[in-house]
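In: The sequence and its predicted three-dimensional model are supplied below.
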Amino acid sequence: MFGLLRLCLVLAVSGLAAMPVRAETPEPRILVMGDSLLAMHKFVGQSVGQALKKRLGEPVMNMPVKGARMNHIEPLTGAIGLKIPMQFRKGDWDWIIVNGGGNDLLFGCGCGKCQRVMSRLITEDGTRGTIPVLLKKLRDTGANVIYVGYLRTPGRRSLVDSCAAVGNRLEGRVADLARRMRGVYYLSNRDLVPEGDLSFHALDRIHPSFKGSKAIAARIADLIAREDPTR
């Protein structure tokens, strides 16, 4: 009887030894934060972050939320991602991709007389505001940081046509700031959409289509490849 038990034990151990060892999934080294530009199509696996994951062949932590703002006063909804700075998660990040500010301008002042809202986001000299504070915080983790600019309207009527001038001013300030901060990059999408081409936008002509999300991810991946050729 004991011999039979010993034989069963030997066979069981041998079987376990022969089982393939599942490789551990590497921890993500890229974090994505922001609003609907980056969150669009997230629940069908076609967001910018998910396209970036496929393009780079590595995991990405994908935190953006539709409707998120840089400045969001309600603490509970802010904590679940509607306040972009609160989307940050601790990690050993190589790259942090972030966007935001458009919803602050659209819903905070209708993209009209926005000096107060704009200054809360980023002052003209780039020294104060939620965006400079956030970019410095992200950079201080040791990660490289990419601020992603918004799509422009496709030359056809859009509900956010009136936001073009103030949006350009916002991104101009961020671009100036990025030029002064080592390891922080401003990535423009101003020239991504050809005039009259609707294929880069969803039906609302505001958010990216599947094609638009992939195109934005491609630009991010190209920037990462230029600055970090070892990836």
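Out: Here it is on my side, so go on.

In: Run through the residues that contact the residue nearest to the spatial centre of the chain.
Out: Closest residue to the average C-alpha location of the chain: residue 32 at 3.4 Å, with Cα atoms, centre = their mean. Applying Cβ atoms under 8 Å, 6 or more residues apart in numbering to residue 32 gives the contacts 38, 48-49, 52, 60-64, 96-98. C-beta here means a position set from N, CA and C on the backbone, and glycine is covered the same way.

In: Which among those residues count as buried?
Out: Restricting the contacts of residue 32 to buried positions leaves 38, 48-49, 52, 60-64, 96-98, with burial counted as 16 or more other Cβ atoms under 10 Å.

In: ok, and what's touching whatever helix or strand residue 165 lives in?
Out: In this assignment (DSSP states H and E), residue 165 forms part of helix 164-180. Residues from elsewhere that reach helix 164-180, judged by Cβ under 8 Å, 6+ apart: 101-102, 105, 111, 114, 118, 121-124, 126, 131-132, 135, 147, 149-150, 152-153, 184-186, 188, 190.

In: Quick one: neighbours of the nearest residue to residue 162 once chain neighbours are set aside, just the number.
Out: Closest residue to residue 162 apart from its sequence neighbours, by Cβ to Cβ, 6 or more residues apart in numbering: residue 111 at 5.1 Å. Using other Cβ atoms under 10 Å, residue 111 is surrounded by 19 other residues.

In: contacting residues for residue 111?
Out: By Cβ under 8 Å, 6+ apart, residue 111 lies in contact with 105, 160, 162-163, 166-167.

In: measure it to residue 63 for me?
Out: 26 Å (Cβ to Cβ, to the nearest Å).

In: ditto for residue 231
Out: Distance of residue 231 to residue 63, given as Cβ to Cβ: 21 Å.
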